[in-house]
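Novice: 3D, please:
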Amino acid sequence: MKNFFDPQRIWPNGPYPHFLILLDRYPQYVEYVRQHAELLSRFVHLEAVPAEWLHITVQGIHHPASPEQLNRLGDEARAELADVAPFEVQLGPTWPGVTAITVAPYPEEPMATLNRKVRAAVSRVDGVELRAEEKRFWPHTSIAYAKADSSQADDYLLNRALRQLRPERITLTVDSVHLVQQIQDPKAGYYRWEEVAELPLGAPGEQKEQTA
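Specialist: All right, here's what the predicted structure looks like:
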């Protein structure tokens, strides 16, 4: 594995607005992740993500936004997501990646729909730019990040141990997306955030603002 927080990946001037699904609100997923804790603690190059910071990124914005832009982002995304009904996804199994240990939600298409909707909303906010759209959106959540490069021997042991562990997959209902100000914390080894707005799916007119 390679260090996730490579200098080229470090944000120069965060926090940055991101649209996330917050996974600490799902006890069954927190328990799924907890079952990996002992295994992950054996590998010094890994930093496990605390339960409160577990998330799926729907769409990131990789530059700062003004308070006015944040308000517009919330309003536009709320309007886009009003006709998206809550949906179920299954999470598991867990896979070792190049820079993180990840879990993918299935089916992927409802998650890709959220991504398309949020990108459409962001495109209507002046001065906010997005990176080029991926050929195929990859929904995933990270349960640990590599905070240093690992050895081939460690990679082999980790891969085999994760394959052996394999907790039962879990199902959850995605019913909201959150706009946050995401903070990259290389020293801690994971991401944190401040909530800006909760955007319920299929619920026009509902609004739960956290900050201005």
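
Novice: Give me the contact list for the host helix or strand of Ile183.
Specialist: If you go by DSSP states H and E, Ile183 is part of strand 176-185. By C-beta atoms under 8 Å, 6 or more residues apart in numbering, the surrounding residues in contact with strand 176-185 are 5, 10-11, 14-22, 58, 60, 70, 73-74, 77, 81, 114, 118, 191-201, 211. Every C-beta, even on glycine, is put in place using the N, C-alpha and C of the backbone.

Novice: hmm, try it at 6 Å
Specialist: Identification of contacts with strand 176-185 by C-beta atoms under 6 Å, 6 or more residues apart in numbering yields 11, 14-16, 18-20, 22, 58, 73-74, 191-200.

Novice: which ones among those are found in strands?
Specialist: Counting by DSSP state E, the part of the contacts of strand 176-185 found in strands is 16, 18-20, 22, 58, 191-200.

Novice: do you know how far the closest residue to Asn159 other than its chain neighbours is from Arg72?
Specialist: Leaving aside its sequence neighbours, Asn159 sits nearest to Pro96 (C-beta to C-beta, 6 or more residues apart in numbering; 5.4 Å). Pro96 is 39 Å from Arg72, where distance means C-beta to C-beta, to the nearest Å.

Novice: Leu130 now?
Specialist: Between Leu130 and Arg72 the computed distance is 14 Å (C-beta to C-beta).

Novice: Repeat that for Leu158.
Specialist: Distance from Leu158 to Arg72, counting by C-beta to C-beta: 43 Å.
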